[in-house]
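> My questions are about this predicted structure, shown below with the sequence.
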Amino acid sequence: MKISVVVEITKLTKKAINYYEEEGLIKPDVNPQNNYREYSQSNVDELVQISLLRQLDVSIKEIRDIILKPKMLKDKLEQHLISLDEEINRLEKSKNVLKSCLNSITNSNDGLPELTRQLLFLNRSLEMDEREKEGFMKRQIQRIFPGNFGKMLVINFSPFLNAPINTKEEEEAWLDLVKFLDEVESIEYSKEMKEMYENLTNQDMEKYEKFLTENVNKWIGITDEELLAERKQFFEIMNRMNSDPDMQSAWQITSIMTKSLKGQMKDLGYYDKFVENLKVLSSDYSEYTNTRNEFFESLNLKVDDKGKIEVAEIR
DNA sequence: ATTCTCACA
DNA sequence: TGTGAGGA
């Protein structure tokens, strides 16, 4: 049969059929009179097979190998599956990077230079190893929250900043986090806030760090009994504070200040971008912060305007 | 109608 | 990895 009927059967184009012959995938007879090809049924069968493999994105070279050595079929297809997976990963990565760029690029009209800057930055962030990531985050936290407050945050997060990135979700979270850290401006503390935190001494910070490193593990995988003990201890402390007027006023001041700081941090996107993404990146942090939040919610604390802490119920 | 070659993406 | 133009 001539090429036009083969086109009908196989749904391939003439161009493709000619090309496959040129590449040595089929060998139709040639009419010496006019150089027209005479395609046999087996030629057509081969073309159908080629067409199917091409739709699966198997390369001409691989198809040729398979035809030459049919034993290679399984091997080649397995190999091809792997390369498709790699391709998918590559595309997913591009997708994530692009998605991250897109949000911030829409409202800023800096155009191409800004996009390039972000692409460069995000791509580099994906190549960081755990050590670099940790360093990057600590530096940025310090930049956004200058002074002792930032130091305390770094201490807070240190145990959770070195989580490896394995899944797509984690990569997406990481990119979102990097973008947040990159574009957010550093915070302006209120005067009182500044005073309070800058009055902290190095010893204070060391104490805080010691306290925290000892406490982090306690909250991960905590048992019900331990939770109950924690509860009791907490109420005791609260009661002691309530009976001490100095403590009360101090508590009142800090509670007012942290409230306004929390609002500032929320406006920055600290909770939505930083905390949420870190939860995705570090299951330890997710568990730590969730159990702690549950714990404090379960206490049902209220601080009245005199700085007295209302303890809902003690069980 | 088909093939060939070349330039092009 | 093909496609399109254009001549034979």
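Right, received. Where do you want to start? Just so it is clear, the model here is predicted, and its values are computed rather than measured. Numbering: from 1, shown residues only, chains lettered A, B, ... in the order given.
> tell me the contacts of the residue most central in space within chain A?
For chain A, residue A:173 is the residue whose C-alpha lies nearest the centre (C-alpha atoms, centre = their mean; 2.2 Å). Residues in contact with residue A:173 (C-beta atoms under 8 Å, 6 or more residues apart in numbering) are A:276, A:277, A:278, A:280, A:281. (Each C-beta comes from the backbone N, C-alpha and C, glycine too.)
> which of the residues you listed tops the neighbour count?
residue A:281 (24 neighbours; other C-beta atoms under 10 Å).
> With the flanking residues excluded, which residue is spatially nearest to that one?
residue A:163 (4.8 Å; C-beta to C-beta, 6 or more residues apart in numbering).
> and what of residue A:73?
residue A:66 (5.4 Å).
> hang on, isn't that neighbour packed against residue A:76?
Yes. Assessed by C-beta atoms under 8 Å, residue A:66 is found in contact with residue A:76 at 5.4 Å.
> Helix, strand, or coil at the residue in chain A sticking out farthest from the centre?
Most distant from the centre of chain A: residue A:33, at 66.0 Å, with distances by C-alpha atoms, centre = their mean. Counting by DSSP: H, G, I helix; E, B strand; the rest coil, the backbone at residue A:33 sits in coil.
> Now that we're looking at it, what pLDDT does it have?
We have a pLDDT of 92 for residue A:33.
> quick one, phi/psi of it?
Main-chain dihedrals, residue A:33, degrees, to the nearest 10: phi -60, psi -50.
> how deep is the residue nearest to residue A:73 tucked in, by neighbour count?
21.
> So which elements touch whichever strand or helix holds it?
Element membership for residue A:66, per DSSP states H and E: helix A:60-68. Packed against helix A:60-68 by the contact rule (3 or more C-beta pairs under 8 Å, 6 or more residues apart in numbering; DSSP states H and E) you find helix A:41-55, helix A:72-107.
> Need the CA coordinates for it. CSV is fine.
Extracted C-alpha coordinates of helix A:60-68, given in CSV (Å, rounded to 0.1, in the frame of the first residue of the first chain):
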residue,chain,number,x,y,z
ILE,A,60,13.4,7.3,18.7
LYS,A,61,16.7,5.9,19.9
GLU,A,62,15.1,3.8,22.5
ILE,A,63,12.5,2.5,20.1
ARG,A,64,15.3,1.6,17.7
ASP,A,65,17.1,-0.3,20.5
ILE,A,66,13.9,-2.1,21.3
ILE,A,67,13.3,-3.1,17.7
LEU,A,68,16.9,-4.2,17.3
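> Tell me who's in contact with the residue nearest to residue A:73.
Applying C-beta under 8 Å, 6+ apart, the residues near residue A:66 are A:53, A:72, A:73, A:76.
> JSON lines for these, including distance to DNA strand B and neighbour count?
Below are those laid out as JSON lines (distance: C-beta to the nearest atom of the strand, whole Å; neighbours: other C-beta atoms under 10 Å):
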{"residue": "A:53", "distance to DNA strand B": "20", "neighbour count": "21"}
{"residue": "A:72", "distance to DNA strand B": "27", "neighbour count": "14"}
{"residue": "A:73", "distance to DNA strand B": "28", "neighbour count": "13"}
{"residue": "A:76", "distance to DNA strand B": "24", "neighbour count": "19"}
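> Which ones among these also lie next to DNA strand C?
Among the contacts of residue A:66, not one lies near DNA strand C by C-beta under 7 Å from any atom of the strand.
> Would you mark the buried spots in the helix or strand encompassing residue A:210?
For residue A:210, the host element (DSSP H and E) is helix A:202-219. By 16 or more other C-beta atoms under 10 Å, the buried positions in helix A:202-219 come out as A:208, A:209, A:216, A:219.
> Tell me the helix or strand right after that helix.
helix A:224-242.
> List of residues touching the next helix or strand after that following helix?
Downstream of helix A:224-242, the next assigned helix or strand under DSSP H and E is helix A:245-268. Contacting residues not belonging to helix A:245-268 are listed as A:144, A:184, A:187-190, A:192-193, A:196, A:240-242, A:271-272, A:303, A:305-309 [C-beta under 8 Å, 6+ apart].
> ok, of those residues, which come out buried?
Of the contacts of helix A:245-268, these count as buried by 16+ other C-beta under 10 Å: A:144, A:184, A:187, A:189, A:193, A:196, A:241, A:242, A:303, A:307, A:308, A:309.
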